[in-house]
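Peer 1: With the input below, show me the fold.
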Amino acid sequence: MSSQPLGYLSLVLHAHLPYVRHPEYENFLEEDWFYEAVTETYIPLLTMMEGLVRDGADFRLTMSLTPPLIGMLTDPLLVRRYQRHLDRLIELAEKEEQRTRFSEPYHQTALMYLDKFRAARDLFSARYGGNLVLGFKKFQDMGKLEILTCGATHGFLPLMVHREAMRAQVFVAADFHRRHLGRPARGIWLAECGYAPGSEAILKEAGIHFFFVDTHGLLLGHPRPRYGVYAPVLTPSGVASFARDQESSRQVWSAEEGYPGDWEYRDFYRDVGYDLDFDYIRPYIHESGMRKMTGVKYHRITGKTDHKEPYDPGRAREKAAIHAGNFLFNREKQLEYLSGLMEGRPPLVVSPYDAELYGHWWYEGPMFLDFLFRKLHFDQQRIQAVTPWEYLERHPKTQISTPSMSSWGYKGYAEVWLEGSNDWIYRHLHKVAERMIELANANPHPDALRHRLLNQAAREVLLAQSSDWAFIMKTGTMVDYAVKRTKQHVTRFNRLYDMAKEGKVDAPVLADLEARDNLFPDLDFRVYRSDYRFPL
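Peer 2: Below you'll find the model as predicted:
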């Protein structure tokens, strides 16, 4: 690889799920979000990285692992439940292999699922002992994967009115990341790319060196960046900001132009959980008898029609290779053009995506990434894949600019998280944050039981602040659950607040809440104190 490439490519995957853990139920439907993502996204990405290293294909990938996701990936209850879920998938795939043995268009796909689920069990249980965080850490320590943190519970910082609440989201996340990944986070993915000028000073306090904004956040910065989104800027606080490249994002994200919509690819919505006879499929759907997705799907997208043709794994894999080649060709042409405008500074294309796009929504997405990294390594020398940190180390001379307030999503200015369907939550979120700051400032040296109460109160505030609940209310999926979760955490906090003010701790109630909402076992409520300083 040339030491002076034409330009750089930085692929960024944002891996996040809301914290969903319900020990009070044996089977809880929303926990499937986690199980599906593990099987269809996180294990395939680790399998991809294992294969690249095995075959000597160097790669660079940047990926966030948010604290809620790390918490679920390392929670013994959810690990056991996921292993049970995977065993059921394998049982279903074994039955499907027999059921389809005389139906050739479907039998090869059934075999594909059986092989995939067995390999997933081997990687999850045998190779990593049920802890996938160790897998991602392995590639981090090899220098091939840059792992970002995020807000503690994916809290949307621009809509927080208390600076102490913003700091708690960042500081708790930074501490949690360091405990699980073995080193401080160098970068952060701000939840929903939500940025407000001044918040980068909090990142600086936590030892974070860079963050990301959407395209317009940088283009409308002050002063306007000389190189647009194709080089980072340095904020006045000394923290660098990178921005999303729209062209490369559109090639994957666009419903009309994006690769995932190709008719050869697997159709996400056609699933045997809805297609097969009820008595046959009942052991693999919800215990109530409600049908749901199983992950076993036999049809390709086919076109804009209800009629779906059988899925052909081989043809889909060939198309993923073609699309990887097309993506690389387009980046080369893009970087050729940009390099002629940037006066000797190699341009950087930053391509961020939700990680769950790769494998969960776009089944062939991990294949696409695998082909892309192999083509980058073996087939050319003009483009170099880098992490944002590597780019900063190679090109430390950076323009100073302050990005504009922005987010990604509809209209790009937080409307998804603050509009008629969800605006009611913020008066409550602001109040519980205000009360948490009050408790933290008033209790510098509590006794052991009161310390536990205050720690749990802080957990409830953080969990209530998750931007996922507002997002779900806006999009109209599982709204009742999102409303319930918001109200539960606010109500639980207020109950703890009343105990603290009255000086009467109900120990059984506290223990029950600690068992239900157990994220951040090492949390110290003092992070909400106005004079708190993050230990670098």
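
Peer 1: From here on, just use CA atoms for contacts and neighbour counts.
Peer 2: OK.

Peer 1: Give me the next element, helix or strand, following the lengthiest strand in the chain.
Peer 2: Among the elements of type strand in the chain, defined by DSSP state E, the one spanning the most residues is strand 7-15. Sequence order places helix 32-37 as the next helix or strand after strand 7-15, per DSSP states H and E.

Peer 1: What residues sit buried inside the helix or strand just after that next one?
Peer 2: Per DSSP H and E, the first helix or strand lying C-terminal to helix 32-37 is helix 43-54. Of the residues in helix 43-54, 43, 44, 45, 46, 47, 48, 49, 52 count as buried by neighbour count, 16 or more other Cα atoms under 10 Å.

Peer 1: Following the chain past helix 43-54, name the next helix or strand.
Peer 2: Under the assignment DSSP H and E, the closest C-terminal helix or strand after helix 43-54 is strand 61-65.

Peer 1: What is that next one packed up against?
Peer 2: For strand 61-65, the elements it packs on are strand 7-15, strand 145-150, judged by 3 or more Cα pairs under 8 Å, 6 or more residues apart in numbering; DSSP states H and E.

Peer 1: Can you add mean pLDDT and give the ones you listed back as TSV?
Peer 2: Formatted as TSV, the entries for the helices and strands packed on strand 61-65 read as follows, by pLDDT from 0 to 100:
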stretch	mean pLDDT
strand 7-15	98
strand 145-150	98
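
Peer 1: deepest of those, which one?
Peer 2: For the helices and strands packed on strand 61-65, ranked by mean neighbour count under the definition mean count of other Cα atoms under 10 Å, the leader is strand 145-150 at a mean of 26.

Peer 1: Which strands border that one, and is each parallel or antiparallel?
Peer 2: Paired with strand 145-150 in the same sheet, following DSSP bridges, are strand 61-65 (parallel), strand 187-189 (parallel).

Peer 1: contacting residues around the shortest one?
Peer 2: Translated: strand 187-189. Outside of strand 187-189, the residues that reach it under the criterion Cα atoms under 8 Å, 6 or more residues apart in numbering are 14, 64, 147-151, 208-212, 389.

Peer 1: can you give me the offset of that strand from its chain's centre?
Peer 2: Between the centre of strand 187-189 and the centre of its chain there are 11 Å (Cα atoms, centre = their mean, to the nearest Å).

Peer 1: rewinding a little: minimum distance to residue 354: which of the strands paired with strand 145-150 has it?
Peer 2: Comparing these by their distance to residue 354 (Cα to Cα), the top pick is strand 61-65, with 9.5 Å.

Peer 1: Return the alpha-carbon coordinates of that closest one using PDB.
Peer 2: Backbone C-alpha positions of strand 61-65 (Å, rounded to 0.1, in the frame of the first residue of the first chain) are rendered in PDB as follows:
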ATOM      1  CA  LEU A  61     -13.300  -0.300  10.600                       C
ATOM      2  CA  THR A  62     -14.700   2.100  13.100                       C
ATOM      3  CA  MET A  63     -17.700   1.000  15.200                       C
ATOM      4  CA  SER A  64     -19.500   2.200  18.200                       C
ATOM      5  CA  LEU A  65     -20.500  -0.100  20.900                       C
END
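
Peer 1: Can you mark which positions in that strand are buried?
Peer 2: If you call a residue buried by 16+ other Cα under 10 Å, then strand 61-65 has these buried ones: 61, 62, 63, 64, 65.
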